[in-house]
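> The following comprises the amino acid sequence and a computationally predicted model.
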Amino acid sequence: MEEDSLCKSSIGGEEMKGMEKRELRHLFVTVFLSSLSTFLVIPAITDVTIAAVCPGRESCSLAIYLSGFQQAIIGMGTVVMNPVIGNLSDLYGRKALLTFPLTVSIIPLAILAYSRETNFFYAFYVLRTLTAMTCEGSVNCLALAYVADNISERERVSAFGLLSGFFSASFVCGTLAARFLPTSLTFQVAALVSMLAAVYMRIFLEEIRPSDHGDSTLSQPILKGLEPVLERIADDDYSPKTKIEFKKIPSVGDLISLLRSSKTLSQAGIIIFFQSLAEGGMQATVLYFLKARFQFNKNQFADIMLIMGISGAVTQMIFMPMMAPKIGEEKMLSIGLLLNCISMFLNSIAWSPWVPYAATVFSSFALLAQPTIRSIASKQVGPNEQK
């Protein structure tokens, strides 16, 4: 009897793993389509912004200020909203919360798909800022949480690397499409792909809650305030019942408590903060800098991004799964951060048009940092705190 039960348990475990892998495929497709719609517009948005804000000019300080202000507002919004969305996904499921950012992100793209005149651009700018405050990064965070719900800690870094590889693949495909699509069609295609991502996710992705998998070594939540509160109550018939209350929105104290609960987690938070700060500043200005310095346009932007995307996809989908188990996550993180610094430095002092192209060699390996640090942080918390 014991052997039969062990055999059935083993078979059930294999079936569960097979189901999880199928669900991850649907997640990867959803992430690919969502990211594709985002990356389609990046090479073109610089030219569109300057044409709308400063018509007939190659450089425009107002466009840089608007872009920087937008980045700052979006960053502050995501700091507040991403933990809330992640915590709500623990209660209502990853799929339910994925629906919101995938749906809302369609609206700004649809505006520029209709017209790129100045008035429509400012409408896009305002709506893009508002929607990104709640949606920027949330698809990525929820996708990482979905993977963490379904993959054991031992295989998690490879799964995160594979997910990042799909981001890079969407980056390549989106940039390649933007390279050959006229600007008039770029935003229309992006809006269509964004709608397709939302529909695909709703149809094919199945909901799996963190509580469905109890194999994590960290079974108790670190944030005690987020545990269900059990309260004994009585109705008119004097029959005792249990009332369950959840604290849905984590406070600042909860977040500080989470960081203090693990030295590794607090160090990961500091690294992510400074890396995101540097990358945010670079992303907000580098395309405008290259356009003003070397008169780059959409095609040159797409070429640079395409080279970086192809090499990044190869690095994350082939190099990282092979090397991470051998050299360890800490060394992988150090390599990624060092090469990221070199890439930013070369772009900031670019003295010739070929320098940004050469910097992409370092940028591709710099992409190792993000999935590595996510894996390190993921192992420090329980199954209900993967958001």
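That came in fine, so what should we check first? Numbers count the residues shown, from 1 in each chain.
> which regions of the stretch 51-200 of the chain sit below the pLDDT cut-off?
Confidence mapping of the stretch 51-200 of the chain against pLDDT under 70 gives the ranges 153-157.
> Could you rerun that using 50?
Across the stretch 51-200 of the chain, nothing is flagged by pLDDT under 50.
> which residues in it form helices?
Assigned by DSSP state H, counting those that start in this stretch, the helices in the stretch 51-200 of the chain fall at 61-92, 94-104, 106-114, 118-135, 138-150, 153-180, 183-204.
> could the ones you listed be laid out in a markdown table, adding distance to residue 297 and mean neighbour count?
All C-beta spots, glycine's among them, are computed from the backbone N, C-alpha and C. Output for those, formatted as a markdown table (distance: least, CB to CB, whole Å; neighbours: other CB atoms under 10 Å):
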| stretch | distance to residue 297 | mean neighbour count |
| --- | --- | --- |
| helix 61-92 | 14 | 17 |
| helix 94-104 | 30 | 21 |
| helix 106-114 | 18 | 21 |
| helix 118-135 | 18 | 18 |
| helix 138-150 | 29 | 24 |
| helix 153-180 | 11 | 21 |
| helix 183-204 | 10 | 19 |
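> closest to residue 47 out of these?
Taking CB to CB, helix 183-204 is the member of the helices of the stretch 51-200 of the chain nearest to residue 47, at 7.0 Å.
> tell me the contacts of the residue nearest to the spatial centre of the chain?
Nearest to the geometric centre of the chain sits residue 140, at 2.6 Å (CA atoms, centre = their mean). Residue 140 makes contacts with 31, 167, as judged by CB atoms under 8 Å, 6 or more residues apart in numbering.
> of the helices of the stretch 51-200 of the chain, which approaches residue 338 most closely?
Here helix 153-180 is closest among the helices of the stretch 51-200 of the chain (CB to CB), at 18.2 Å.
> Could you name the helices and strands sitting against the closest one?
Secondary-structure packing of helix 153-180 (3 or more CB pairs under 8 Å, 6 or more residues apart in numbering; DSSP states H and E): helix 2-53, helix 138-150, helix 183-204, helix 298-314, helix 320-327, helix 369-378.
> Quick one: mean pLDDT for stretch 24-39?
For stretch 24-39, the mean pLDDT works out to 88.
> in that stretch, what counts as buried?
By neighbour count on 16 or more other CB atoms under 10 Å, the buried set for stretch 24-39 is 24, 26-39.
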